[in-house]
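J.: compute the structure for the input listed below.
(one chain, ligands or ions: 1)
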Amino acid sequence: MAALNLGAMNRREVLQLGAACGIGVSLGDVFLPNQSITAASASEAAVHEKPPIQTRMFWTWDHSTEWALNRLGAHTHGSCNEYGRTTQSFIDDYTALFRWCGRNNVDAVVVWGLLRDGHGGLESAKRLCDVAAKENVRLLCGVGLNAYGGVYYEGDSPYNLERHLQAHPELYAVDAEGNSTNFSIDAIGTRVRLANTSTPGPRGFYHACPSRMENQEFAVESLKWLFRNLELGGVQIETGDTGVCQCPLCRDRRKHPADTFSWEDMALMYPLAAEAVRSVAPDAWIVCETYSHPEPYTGPKVAPGFGDGKAAWADESLTKFPRGAFVQWVADRYLRQADPDRVWTDKGQVSCDGLRHVMRAHVGTDWGWGAFRGEVALEWISKLVQQSVSSGFEGISLFGEVSPFHTGAELNYLALSDLGSANNPTSDQAVFEERIAGPLLGGHSHAIDFVRFAGLLDARFPNRRTEIPAAISSIYSRLPLLSPEVGRRWCWLANQLASFVYG
Ligand SMILES: [Zn+2]
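T.: Alright, predicted model coming up:
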């Protein structure tokens, strides 16, 4: 009888085998170096159906990713910031991140700001491609097609969108009055309009008109250059959600309203981008952002905004998305808000008509919706995965900028790895707490206490914070009974709680 030599296969090949055979392969259980099992024993091991979640991703900005500890310069919030760390920190941050992913069943990492002069440009990115490949993790370059810097996010490169637009000012996006849509934004969200030239200091937002053939060709050539020069696992592409061009060409092209982003711009640009990428790298993953939740939007805005439900005309655009691509949606407004007008119902299903769907949430970050960086977000992640699975999703994406040294992030990441897997197909938080969190925190009952104490910071229940001093005393009293590594995790929680009542 033929033997399946799992030891000779990489992690992705094993997963593909599992999916192809309808076998839920649990790497933690069965994938050991040089291990060989017979087809008969493989059948015996196939106690689960195909796992509900097939794809797990992290989403990151380079400037906020901080996996190499005790280094200067990381931001704790935001997008499009300047990069404040060293080139070595950039390499070390993502090396640690890819290694963790390779060992914990996370398939891909989106890096926004991958190519910048400030952290080594192409050479640093090449080094990270090598690390990611070694760990069997796909490095996905974040690429703005009409915004967000293009392929080469910041620097003196012909493939930087700002440089392209500076050289061709007639190709900038404009508002309905014909004025520039470029702006900068401060820490409290105040926008300052920018002229059609780049400015030093904090990064500005610059937009290209998608209707102009020259901009389409620029995006295509940039993507071909990217994949000819880097062994990437793929791209996450966006058309921009900070304003759309309202020039006569764009207005005449669109049949439907567009404010902060446009479904019709996506339908125009994503197929061009996918074709360019696949012409060089046929197996690259292509993740197409929608800025939307799949629940049908019912108003009151003329065009739904970021995180709102799906526009009535979105399905027409989705038929034009490149087949075989991932479509990425955003969950938060329907996940963390107790808003009766934003409930994820059976109408919020996605169709797998040649597309693969990924749901993303901003849990564990400072990106609003009551969250904070590194929070323990198990309740939300469980709900996210359960609702996503029941709505037709195969993939989940979380922010991955915080080091798992911080126990909140560690538990969130391990939940991403576990929920919806063959070991936890119902995405049961209690199962995760017993099987995964328990051994890390001193036992099952300790894990339950840990999650309960972390819940004292839940923004929905501000009165719970009066219980923090008692919780801290409880934590200190159990430390002598715990191993140093388990105790370290509890110390993280004690200090996290204390920081919210200090002073
Ligand atoms: Zn335009």
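
J.: can you give me the strands for the chain?
T.: Along the chain, counting by DSSP state E, strands occupy 3-4, 37-38, 55-61, 108-112, 138-144, 183-185, 191-193, 234-238, 285-289, 326-330, 356-361, 395-399.

J.: tell me the bridge partners for residue 116.
T.: The residues paired with residue 116 through beta bridges, assigned by DSSP bridges, are residue 154.

J.: quick revisit: and the strands of the chain: which comes nearest residue 417?
T.: Comparing these against residue 417 with CB to CB, the closest turns out to be strand 55-61 (6.7 Å). Quick note: C-beta positions are derived from backbone N, CA and C, even for glycine.

J.: elements contacting that closest one?
T.: Secondary-structure packing of strand 55-61 (3 or more CB pairs under 8 Å, 6 or more residues apart in numbering; DSSP states H and E): helix 87-103, strand 108-112, strand 356-361, strand 395-399.

J.: with mean pLDDT added, can I get those in CSV?
T.: Written out in CSV, the entries for the helices and strands packed on strand 55-61 read as follows (pLDDT from 0 to 100):
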stretch, mean pLDDT
helix 87-103, 98
strand 108-112, 98
strand 356-361, 98
strand 395-399, 98
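
J.: of all those, which lies closest to the ion?
T.: Among the helices and strands packed on strand 55-61, the nearest to the ion by CB to the ion is strand 108-112 (24.0 Å).

J.: what about residue 352, how many neighbours?
T.: 12 (other CB atoms under 10 Å).

J.: nearest spatial neighbour of residue 469, skipping sequence neighbours?
T.: Nearest in space to residue 469, with sequence neighbours left out and distances taken as CB to CB, 6 or more residues apart in numbering, is residue 501 at 7.0 Å.

J.: now residue 113
T.: Counting by CB to CB, 6+ apart, residue 113 lies nearest to residue 62, which is 3.6 Å off, once chain neighbours are set aside.

J.: before we move on, what about residue 160?
T.: Distances taken as CB to CB, 6+ apart put residue 152 closest to residue 160, at 4.4 Å, once the chain neighbours are dropped.

J.: what residues are up against that neighbour?
T.: Contact criterion CB atoms under 8 Å, 6 or more residues apart in numbering gives 115, 116, 121, 159, 160, 222 as the residues in contact with residue 152.

J.: ok, it to residue 225 distance?
T.: 9 Å (CB to CB, to the nearest Å).

J.: now list whatever residues contact both of the two.
T.: Counting by CB under 8 Å, 6+ apart, the residues touching both residue 152 and residue 225 are residue 159.

J.: which pLDDT value goes with the residue most central in space within the chain?
T.: By CA atoms, centre = their mean, the chain has its centre lying nearest to residue 59, at 2.7 Å. We note a pLDDT of 98 for residue 59 in this prediction.

J.: please name the bridge partners of it.
T.: Partner residues in beta bridges with residue 59: residue 110, residue 399, with DSSP bridges as the criterion.

J.: pretty sure it contacts residue 399?
T.: Yes. Using CB atoms under 8 Å, residue 59 is in contact with residue 399, at 5.5 Å.

J.: contacting residues around residue 460?
T.: By CB under 8 Å, 6+ apart, the contact list for residue 460 reads 338, 370.

J.: against residue 398, how distant is it?
T.: Per CB to CB, residue 460 is found 20 Å from residue 398.

J.: same thing with residue 117?
T.: Using CB to CB, we find residue 117 at a distance of 29 Å from residue 398.

J.: also residue 77?
T.: When CB to CB is applied, the distance between residue 77 and residue 398 equals 16 Å.

J.: higher neighbour count, residue 117 and residue 398?
T.: Neighbours were counted for residue 117 and for residue 398 using other CB under 10 Å; residue 398 has more, 25 against 15.

J.: the residue lying closest to residue 251 once chain neighbours are set aside: neighbour count?
T.: For residue 251, ignoring the flanking residues on the chain, the nearest one in space by CB to CB, 6+ apart is residue 176 at 7.9 Å. By other CB under 10 Å, the residues close to residue 176 number 10.

J.: also residue 260?
T.: Look at residue 260: counted by other CB under 10 Å, it has 16 neighbours.

J.: how close does it get to residue 222?
T.: Distance of residue 260 to residue 222, given as CB to CB: 23 Å.

J.: pull out the buried residues from stretch 269-279.
T.: Burial within stretch 269-279, assessed by neighbour count using 16 or more other CB atoms under 10 Å, is assigned to 269, 270, 271, 272, 273, 274, 276, 277, 278.

J.: could you dump the residues you listed to JSON lines with distance to the ion and pLDDT?
T.: Output for the buried residues of stretch 269-279, formatted as JSON lines (distance: CB to the ion, whole Å; pLDDT from 0 to 100):
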{"residue": "269", "distance to the ion": "12", "pLDDT": "98"}
{"residue": "270", "distance to the ion": "17", "pLDDT": "98"}
{"residue": "271", "distance to the ion": "18", "pLDDT": "98"}
{"residue": "272", "distance to the ion": "15", "pLDDT": "98"}
{"residue": "273", "distance to the ion": "17", "pLDDT": "98"}
{"residue": "274", "distance to the ion": "21", "pLDDT": "98"}
{"residue": "276", "distance to the ion": "20", "pLDDT": "98"}
{"residue": "277", "distance to the ion": "24", "pLDDT": "98"}
{"residue": "278", "distance to the ion": "26", "pLDDT": "98"}
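
J.: let me know the closest of these to residue 479.
T.: The nearest one, if we look at the buried residues of stretch 269-279 relative to residue 479 and count by CB to CB, is residue 277, at 51.5 Å.

J.: among the contacts of residue 152, which one has the most neighbours?
T.: Busiest of the contacts of residue 152 [other CB under 10 Å] is residue 115, holding 28 neighbours.

J.: for that one, give me its contacts.
T.: Residue 115 makes contact with 121, 122, 125, 141, 151, 152, 153, 154, 155, 157, 159, according to CB under 8 Å, 6+ apart.

J.: for residue 99, which non-adjacent residue is closest in space?
T.: Once flanking residues are discounted, residue 99 sits nearest to residue 135: 5.7 Å by CB to CB, 6+ apart.

J.: rewinding a little: between the strands of the chain, which one is closest to residue 473.
T.: Relative to residue 473, the nearest member of the strands of the chain by CB to CB is strand 395-399, separated by 32.1 Å.

J.: please name every helix or strand in contact with that closest one.
T.: Counting contacts by 3+ CB pairs under 8 Å, 6+ apart, strand 395-399 is packed against strand 55-61, strand 356-361, helix 378-390, helix 407-418.

J.: nearest to residue 318, of the ones you listed?
T.: Set against residue 318 and scored by CB to CB, the helices and strands packed on strand 395-399 come closest in strand 356-361, at 10.1 Å.

J.: for that closest one, report the contacting residues that lie outside it.
T.: Outside strand 356-361, the residues that touch it by CB under 8 Å, 6+ apart are 54-55, 57, 59, 287, 294, 324-332, 335, 350, 380-381, 384, 388, 392-398.

J.: then it to CSV, C-alphas only?
T.: Extracted as CSV, the C-alpha positions of strand 356-361 are listed here (Å, rounded to 0.1, in the frame of the first residue of the first chain):
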residue,chain,number,x,y,z
ARG,A,356,-12.6,33.1,-2.3
HIS,A,357,-13.8,35.3,0.6
VAL,A,358,-11.8,36.6,3.5
MET,A,359,-13.3,38.5,6.5
ARG,A,360,-11.1,41.0,8.3
ALA,A,361,-11.6,42.7,11.6
